[in-house]
Each structure stands twice: as structure tokens, then as C-alpha cells.
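S.K.: Please find the sequence and the predicted model below.
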Amino acid sequence: MSTIFLTSQRNAMKRDESSGSTNMAAPKTSAYGGSIYVTNLTVPHNLGKVPVFRYYCEPFGDGVIWPPLTDRVTGQSTNPLNVAQSGPGIAAWADSTNLYLQLFYGSNALTATYPVYWVIYKDYAL
């Protein structure tokens, strides 16, 4: 049998204070040659490194939070439990100072706001 020692002096999977949530407006800005509509959000983290992060969205207005789930052909999320429901896809990327979230959809027909969530970890970096 071995002994495991964990100390809080390290940032083992500790969330950065910049982790959080907000509501994003429906994608309305034409991008990528007009084939996709987007809404962007910039979250400053100022860690000085590209952090490991996770991000989620509630694309169907039903209280269910999904990880990135996108149809690569249509550029939108489709609820696998209800194929009639459609919502925006979500993408994210980071640099040494900011996390960037982007909702996208194949048209500008959506009108709702969409809750988005992100977790930025202090201890890992790419």
C-alpha cells in the first residue's frame, strides 16, 4: 500500500477567478465569408500562459447545459433527444491573456440569449 500526499500549495485543478458564466446574444454578425453568423465574448484571465479550460452552453433553452456539441455540416447544435430543436454551436480558444467564446449558427434567425459557462484552470498550460 502506498501513501498519497496532496498539498494545497500547488494549483492542482484550482479554478482561476476569471471562471464564470454569462448570457450571450444570438449570433447575428456575418462571418467566415457570410456562411456563418457569430456572437463573440472575450474573457480576460491575465495568467501569462495559455491555460487549459472547459466551456459549456445551454443552446436549447431547456435548462440543460451541454459541452460543445455541433453538427460539422450545418454549424449548429441539434438536440439528440429532440431533433426538432436547434440552437447555436459554441467554440472557444485562448491565448496568454484572454479566453474567447464564440456562438455560431448557419443563419441570423435565432433571437434568444444563451447561457454560457467557462472554467479556466490555474495549474495547467499549453
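M.R.: Nice, thanks for sending it over.

S.K.: A26: how many residues sit nearby?
M.R.: 17 (other C-beta atoms under 10 Å). All C-beta atoms are positioned from the backbone trio N, CA, C, and that covers glycine.

S.K.: And it, what's its pLDDT?
M.R.: pLDDT for A26: 93.

S.K.: Over to A92?
M.R.: We have a pLDDT of 90 for A92.

S.K.: tell me which element it falls in.
M.R.: For A92, the enclosing helix or strand under DSSP states H and E is strand 86-94.

S.K.: May I ask which helix or strand encompasses the residue positioned nearest the centre of the chain?
M.R.: If you average the C-alpha coordinates of the chain and look for the closest C-alpha using C-alpha atoms, centre = their mean, you land on Y55, 3.4 Å from that point. Take DSSP H and E as the rule and Y55 turns out to sit in strand 51-57.

S.K.: what angle sits between that strand and strand 86-94?
M.R.: 170 degrees (axes from the mean of the first three to the mean of the last three C-alpha atoms, to 10 degrees).

S.K.: Identify the residue spatially nearest to E58, adjacent ones excluded.
M.R.: For E58, the nearest residue in space outside its immediate sequence neighbours is P115; the separation is 4.4 Å by C-beta to C-beta, 6 or more residues apart in numbering.
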